[in-house]
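> Dropping a prediction and its sequence here:
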Amino acid sequence: MNISLTVNSTLRRLSVRPEATLLTVLRDELELIGAKHACDGGECGACTVLIDGRAVSSCTILAVAARDRQVVTVEGLAHNGSLHPLQKAFVDRGALQCGFCAGGMLMSAKALLDKTLTPSRDQVKRALAGNLCRCTGYQGIIDAVLDAADMLRGGTR
Amino acid sequence: MRGTFEYLIPSCIDDAIALRRQAGEEGRFIAGGTEIVPRMNRGEFLPTCLIELARLKELSLLDVDGGGLRIGAMITHAEVEGSPLTKGPWQALSDASGSIRSPQVTNCGTIGGNIAFGVPSADLVPPLLALQANLRLKGANGERYLPIGDFLIGPYRNALEDDEVLIEVRLPGTGENFASAFCKAAKYHGLGLASASVTAALTLREGRIRDARIVIGAATPVPKRVAEAEGFLEGKTPDENVLREAGRLVSAAAEPREDSIRASPFYKRRVLVPLTERAVARAVTRSRAQHGEDGK
């Protein structure tokens, strides 16, 4: 099926098979491998991307169902070679070990910070509840998201 | 890995119904995809024809209708939880949508999919039973309304005819001093798939419970009302002993599967007692908070 979708601000015209998930199209057709292929069942959050600003597991949505939407992947976070405040905060806080979950964590955090720059710790936890990390114990990740919110507000922590 | 299929994009409800009719038994509707796409990925569900519903604007309305509420089948869990309309008397519904762990699911999963797919642990179904939801169905032969209790025939089975679509959920208006609450036990701080849930909807008049509706979720083949507990609560003052006895009656009405996955039958029966106490107490508190002294 022929579809268009905007990925990281670039309009893409693609021919996709109906059974292809958005995840497989991103990874195999567009070579955007920041969204990870892990549980394939919407359980782990490693494949999280934004669709029209909302966090979605790209493994549970067919590519054709995302047609004409705005998709942002973790590759779309940095601008002109400089990291997004969330990415900087993840580095500064050591919010990753193996890094496999980080792309999804960043996108869920981005969806939250696009809605509010003054999230409570609980709101951060709630926003990340669909993302599993098997290394860090989450504390560094939550701290990093709160740091990034501070940075985006123009403050310091 | 898995086979291909036809993916059909209808332009309106009638078109969806016509496509379903043409496709015959092979045709299946797809809503948010959060249940069936994972099953397709695992090779457990191999459709030959999928008909998309998610983009139909006619199925995406959420508004007040008369004294009641009208929720389009493609309204997502996030929209149910986020709407100011699902508060007040209908708060059990908002509780249930808010109890789903991941934003990735609540942003895609729909109320219509939750009802029609028929998974026994569907969180929205128990509140809808307690709130006496009517389902508006449309097929080639016209429209009909069905109470949600008649819609659910068994696990993963519903009363939809082959060419029928679930269009919307209608919640009737509620009277003075009516309130509702949904409580569930689950992993991930109560945000995982339900091990068990209890929904209470009731009217509090002069300090006494009237017209209680108590629903078990995830501990029976399909969510069901517990007439014994409802009858027991009629006219009672909600003190500790009354709540505990209601919990005992709900627990006794459970029919957990012997091989249930998320929690043992023993655990489900046990946890239904405090869930009932909590749900009834919360509904009572809400009635007082929302309606003031009348409920005292």
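Perfect, I can see it now. All values derive from a computational prediction rather than experimental measurement.
> Which positions in the strand or helix carrying B:Gln104 come out as buried?
Taking DSSP states H and E as the definition, B:Gln104 sits inside helix B:103-106. Neighbour counts using 16 or more other Cβ atoms under 10 Å in any protein chain shown place B:103-106 of helix B:103-106 among the buried residues. Every C-beta, even on glycine, is put in place using the N, C-alpha and C of the backbone.
> and what of stretch B:47-64?
Applying 16+ other Cβ under 10 Å to stretch B:47-64 flags B:47, B:49-54, B:56, B:58-60, B:62 as buried.
> Next step: those residues restricted to strands.
The strands, defined by DSSP state E, take in B:49-52, B:62 from the buried residues of stretch B:47-64.
> List the contacts of residue 58.
Because you didn't say which chain, this covers chain A. A:21-23, A:26, A:35, A:47-49 (Cβ atoms under 8 Å, 6 or more residues apart in numbering or on different chains).
> not what I meant, chain B
B:Glu58 makes contact with B:12-13, B:72, B:167, according to Cβ under 8 Å, 6+ apart.
> Sitting in strands, which of the residues you listed do you find?
B:72, B:167.
> Can you select the buried ones from the contacts of B:Glu58 in PyMOL?
Here is the PyMOL command that selects the buried residues among the contacts of B:Glu58 (16+ other Cβ under 10 Å):
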select buried, chain B and resi 13+72+167
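> Now distance to chain A and pLDDT too, for the contacts of B:Glu58, in TSV please.
TSV is the format used below for the contacts of B:Glu58 (distance: Cβ to the nearest Cβ, whole Å; pLDDT from 0 to 100):
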residue	distance to chain A	pLDDT
B:Cys12	18	97
B:Ile13	18	97
B:Gly72	17	98
B:Ile167	20	97
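> Read off the pLDDT value for B:Asn107.
B:Asn107 carries a pLDDT value of 97.
> Neighbours of it, how many?
24 (other Cβ atoms under 10 Å in any protein chain shown).
> May I ask you to confirm that it is in contact with B:Ala78?
Yes - in terms of Cβ atoms under 8 Å, B:Asn107 counts as a neighbour of B:Ala78; the distance is 5.1 Å.
> so what's in contact with those two at the same time?
A:Arg54.
> what residues go with each domain of chain A?
A:2-76, A:85-153 (automatic domain parsing).
> Turn the ones you listed into TSV, including distance to B:Glu234 and mean pLDDT.
Formatted as TSV, the domains of chain A follow (distance: least, Cβ to Cβ, whole Å; pLDDT from 0 to 100):
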stretch	distance to B:Glu234	mean pLDDT
domain A:2-76	42	97
domain A:85-153	38	96
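> Compare these and give me the one nearest B:Arg144.
Among the domains of chain A, the nearest to B:Arg144 by Cβ to Cβ is domain A:2-76 (28.6 Å).
> And that closest one, end to end?
Length of domain A:2-76, first residue to last, Cα to Cα, to the nearest Å: 23 Å.
> Find the residue closest to the residue in chain A positioned nearest to chain B in space, skipping its chain neighbours.
Chain A approaches chain B most closely through A:Gly130 (2.5 Å), counting by Cβ to the nearest Cβ. With sequence-adjacent residues excluded and distances taken as Cβ to Cβ, 6 or more residues apart in numbering or on different chains, A:Gly130 is closest to B:Ser102, at 2.5 Å.
> Could you do B:Glu277 as well?
Nearest in space to B:Glu277, with sequence neighbours left out and distances taken as Cβ to Cβ, 6+ apart, is B:Leu243 at 4.1 Å.
> swap in A:Lys125?
Closest to A:Lys125 by Cβ to Cβ, 6+ apart is A:Ile142, at 6.4 Å.
> check contacts around that neighbour.
Per Cβ under 8 Å, 6+ apart, neighbours of A:Ile142: A:121, A:124-125, A:128.
> That concludes my questions; thank you for your assistance.
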